[in-house]
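> no sequence on this one, just coordinates:
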């Protein structure tokens with residue numbers, strides 16, 4: 001039976017993107033493939049396997065439950081928890097043999113009680129989500145040194161860089177992190193220091209350090225850097241046309257009759273809505289004639305603007321400019337990958 005809606009994942013494009021990232025790395029710099037949030041919606045297990053075959057040395061997830069999915073699938077590569085864990089999850093981290101990120105001694109003590117583990121310390125340079133303030137690091141290290149079952153294996157940070165907006169600040173913070181890292185390496189020469197995500201790798205390639213953490217570039221998401229990358233789209237959300245109807249000028253369509261057609265139109269119904277991850281916009285506050293659209297799909301490469309409100313499980317699109325649209329044809333829709341319904345079939349090619 002054919003799917004009415006599904007997500008296509010182009011694994012060959014994923015491999016090419018990873019190979020391109022690897023080609024940009026300095027000798028000796030390792031690649032961590034970030035596969036949190038179910039591989040940004042692409043499927044963590046499938047993406048992890050491809051990334052490791054392509055040359056990634058480790059995988060990055062957020063939680064022990066995400067790590068457990070990979071271990072259950074038979075993946076034995078190093079897995080790092082990129083966020084601090086709750087102390088009660090320390091034994092699970094030890095069972096899964098993951099690398100933990102810590103920013104409190106409470107977490108560290110729980111991990112020390114759970115087993116012998118490698119840990120990375122995360123420094124907060126202003127993002128404010130988690131991490132140790134740089135000025136607190138000496139005291140933290142003194143406490144960590146008393147926990148003999150933990151090995152300090154790495155030092156990380158994630159700066160609050162928005163491409164093209166705060167580059168001077170970003171450069172200063174990366175340099176400050178590098179100074180701390182180099183000082184710490186005098187005592188821990190094998191320390192893996194990393195601060196580069198996709199944006200930092202693109203815009204500050206001289207701060208690759210020992211490892212880069214790449215998600216967006218792998219998946220061709222948010223290519224908002226000051227440079228361009230020859231990466232290919234990996235993801236397509238598809239939904240088939242299940243109904244077609246003609247609309248005359250002045251006819252109202254959709255919930256609350258908010259949309260009024262300004263011209264003769266051919267409108268298609270798609271069985272996808274905000275329960276699948278689509279936006280509820282565009283929706284007009286008052287009845288009026290609509291001439292501009294914020295969102296659209298693509299049918300045969302032609303834009304098909306959204307018409308009226310997006311429903312929970314249906315959407316109307318304007319297919320007037322497409323020659324003889326047919327029932328069952330697939331329209332590509334703009335869905336945020338991590339917001340897409342996890343129950344939708346993923347079709348890998």
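Received the coordinates, thanks. Quantities reported herein were computed from a predicted structural model and do not represent experimental measurements.

> On the C-terminal side of the lowest-mean-pLDDT helix or strand in the chain, identify the next helix or strand.
The element with the least model confidence among the helices and strands of the chain, by mean pLDDT, DSSP states H and E, is strand 288-289, at a mean of 40. Helices and strands here follow DSSP states H and E; after strand 288-289, the next one along the chain is strand 296-299.

> Which positions in that next one come out as buried?
Neighbour counts over strand 296-299 (16 or more other Cβ atoms under 10 Å) mark 296-299 as buried. Just so you know, the C-beta spots here come from the backbone N, C-alpha and C atoms, and that holds for glycine as well.

> who's in contact with the very next helix or strand once past it?
Next in sequence after strand 296-299, counting helices and strands by DSSP H and E, comes strand 302-307. Counting contacts by Cβ atoms under 8 Å, 6 or more residues apart in numbering, the residues outside strand 302-307 that touch it are 253-254, 259, 265, 267-268, 282, 293-298, 315-319, 321-322, 331.

> Separate out the buried members of these.
Neighbour counting by 16+ other Cβ under 10 Å classes 253-254, 259, 265, 267-268, 282, 295-298, 315-319, 322, 331 among the contacts of strand 302-307 as buried.

> Could you find the closest non-adjacent residue to residue 188?
Nearest in space to residue 188, with sequence neighbours left out and distances taken as Cβ to Cβ, 6 or more residues apart in numbering, is residue 152 at 5.6 Å.

> Likewise for residue 237?
In space, and not counting its chain neighbours, residue 237 is closest to residue 335: 4.2 Å by Cβ to Cβ, 6+ apart.

> which SS state does the one you found fall under?
At residue 335 the chain is in coil, as set by DSSP: H, G, I helix; E, B strand; the rest coil.

> And for it, the neighbour number?
Other residues near residue 335 come to 22 when the count uses other Cβ atoms under 10 Å.

> how about it, what does it touch?
Contacts for residue 335 (Cβ under 8 Å, 6+ apart) come out as 237, 276-278.

> ditto for residue 132
Residues near residue 132 by Cβ under 8 Å, 6+ apart: 103, 121-124, 140.

> if I look at it, how far off is residue 299?
As judged by Cβ to Cβ, to the nearest Å, residue 132 and residue 299 stand 51 Å apart.

> mind checking pLDDT for the residue nearest to residue 237?
Reading off the confidence values, residue 335 has pLDDT 86.

> For it, give me phi and psi.
Residue 335 has phi and psi values of phi -120, psi 130 when expressed as degrees, to the nearest 10.

> before we move on, what about the one 10 residues further on?
Residue 345 adopts backbone torsions of phi -60, psi 140, taken as degrees, to the nearest 10.

> Same check on residue 272?
The phi and psi torsions at residue 272 (degrees, to the nearest 10) take the values phi -140, psi 140.

> cool, residue 248 as well?
Dihedral angles of residue 248 (phi, psi; degrees, to the nearest 10) stand at phi -100, psi 160.

> same deal with the one 4 residues further on?
Phi and psi for residue 252, reported as degrees, to the nearest 10, are phi -90, psi 150.

> Ok, residue 245 next?
Backbone torsions of residue 245, given as degrees, to the nearest 10, read phi -150, psi 160.

> Give the residue spans of the chain that score low on pLDDT.
Counting by pLDDT under 70, the chain has low-confidence residues at 1, 222-227, 280-294.

> residue ranges of the helices in it, please?
Using DSSP state H, the helices assigned to the chain run over residues 11-23, 36-40, 44-54, 64-72, 90-96, 105-114, 137-144, 167-185, 198-203, 216-219.

> To residue 79, which of the ones you listed lies closest?
Shortest separation from residue 79 across these is recorded for helix 64-72, at 4.9 Å, computed as Cβ to Cβ.

> Now do the contacts for the residue lying closest to residue 339 once chain neighbours are set aside.
If you skip the residues right next to it in sequence, residue 339 has residue 277 as its closest partner in space, 3.9 Å away by Cβ to Cβ, 6+ apart. Residues touching residue 277, when contacts are defined by Cβ under 8 Å, 6+ apart, comprise 237, 335-336, 339-341.

> what about the closest residue to residue 306 other than its chain neighbours, distance to residue 261?
With sequence-adjacent residues excluded and distances taken as Cβ to Cβ, 6+ apart, residue 306 is closest to residue 295, at 4.7 Å. Plainly put, residue 295 is 17 Å away from residue 261 if you go by Cβ to Cβ.

> same thing with residue 329?
Residue 329 sits 22 Å away from residue 261, going by Cβ to Cβ.

> Looking at these two, which one has more neighbours?
Neighbour tally, residue 329 and residue 261, criterion other Cβ under 10 Å: the higher count belongs to residue 261, 20 against 17.

> Identify the residues contacting stretch 177-197?
Under the contact criterion Cβ under 8 Å, 6+ apart, stretch 177-197 has outside partners 30, 32, 34, 120, 123, 125, 134, 137, 141, 152-159, 174, 204, 207-216.

> Can you give me the first-to-last residue distance of that stretch?
Terminal residues of stretch 177-197 are spaced 14 Å apart (Cα to Cα, to the nearest Å).

> Quick check: buried residues in it?
Of the residues in stretch 177-197, those with enough neighbours to count as buried (16+ other Cβ under 10 Å) are 177-178, 180-181, 184, 188, 191-197.

> Please apply the same query to stretch 156-164.
By neighbour count, and taking 16+ other Cβ under 10 Å as the criterion, the buried residues in stretch 156-164 are 156-159, 161, 163.
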